[in-house]
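[1] Sequence and computational prediction follow.
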Amino acid sequence: DAKTTQPNSMESNEEEPVHLPCNHSTISGTDYIHWYRQLPSQGPEYVIHGLTSNVNNRMASLAIAEDRKSSTLILHRATLRDAAVYYCILRPYTGNQFYFGTGTSLTVIP
Amino acid sequence: GAVVSQHPSWVICKSGTSVKIECRSLDFQATTMFWYRQFPKQSLMLMATSNEGSKATYEQGVEKDKFLINHASLTLSTLTVTSAHPEDSSFYICSASREPVSPLHFGNGTRLTVT
């Protein structure tokens, strides 16, 4: 049921930017793009979400392709605390059917 | 920021007993709550979607008589695992949101071990 595709794992050096890609080629016009991250033995944490325009917050930036079939989560300066599994999820306008895919496990190298 | 509290954080029970897990939205009214389970090294699997005042919608393959969900108020949802068996041992996570398109806020999960 997950409608997104992400690389299984990525590595980044500490203090460098990280670009986490997500493909969602079957996205509908009313699906919001959400990103969450999860540390071991914890519940997921909200990172950012958007519909069409690029979004920025204190944690990250979200770049959405013009055709909305892909998006990229950008962490501007990776820290060791950013090591986690990152999930890209489509949420319908109705709000239900919030399915997780396999996510990307990010390793940050000191 | 919005907080979702989940209790207990861990529980050990004997096979055949029932366990109740509570999920509370502490500073907002949640129109919808979700329940997930997660096995080691795997992603979260949606079990059911719970809307206040109505019956939960269960995902295919999830036994509604075994996993009882009650969303009695806009701030509380409960998941009861009835007649638990060792294969029910897992990490159970709830989440809640104010509105359909607003971000989800997750509890810290409940580690259930059935012996």
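    Done, it's in.

[2] Flag every residue of chain A that's near chain B.
    A:1-2, A:32, A:34, A:36, A:38, A:41-46, A:49, A:87, A:91-103 (C-beta under 8 Å from any C-beta of the partner chain). In this view, the C-beta of every residue, glycine as well, is placed from N, C-alpha and C.

[3] hey, where'd the strands end up in chain B?
    B:4-7, B:10-13, B:19-25, B:32-38, B:45-51, B:57-58, B:67-73, B:76-81, B:90-97, B:105-106, B:110-114 (DSSP state E).

[4] want to throw the ones you listed into TSV with mean pLDDT and mean neighbour count?
    Output for these, formatted as TSV (pLDDT from 0 to 100; neighbours: other C-beta atoms under 10 Å in any protein chain shown):
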stretch	mean pLDDT	mean neighbour count
strand B:4-7	96	18
strand B:10-13	97	14
strand B:19-25	96	21
strand B:32-38	94	24
strand B:45-51	91	21
strand B:57-58	93	16
strand B:67-73	90	17
strand B:76-81	95	22
strand B:90-97	95	25
strand B:105-106	94	23
strand B:110-114	97	19
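
[5] related to what we said a few turns ago, give the ChimeraX command for selecting the buried subset of the residues of chain A next to chain B.
    Selection of buried members from these for ChimeraX, criterion 16 or more other C-beta atoms under 10 Å in any protein chain shown:
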select /A:2,32,34,36,38,43,44,45,46,49,87,91,95,97,98,99,100,101,103
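
[6] about what we covered before: output the strands of chain B as JSON lines; include the columns distance to A:A83.
    Below are these laid out as JSON lines (distance: least, C-beta to C-beta, whole Å):
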{"stretch": "strand B:4-7", "distance to A:A83": "23"}
{"stretch": "strand B:10-13", "distance to A:A83": "24"}
{"stretch": "strand B:19-25", "distance to A:A83": "27"}
{"stretch": "strand B:32-38", "distance to A:A83": "18"}
{"stretch": "strand B:45-51", "distance to A:A83": "23"}
{"stretch": "strand B:57-58", "distance to A:A83": "34"}
{"stretch": "strand B:67-73", "distance to A:A83": "32"}
{"stretch": "strand B:76-81", "distance to A:A83": "30"}
{"stretch": "strand B:90-97", "distance to A:A83": "19"}
{"stretch": "strand B:105-106", "distance to A:A83": "18"}
{"stretch": "strand B:110-114", "distance to A:A83": "21"}
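
[7] right, so of these, which gets closest to A:S25?
    With C-beta to C-beta as the criterion, A:S25 lies closest to strand B:45-51 of those, at 21.4 Å.
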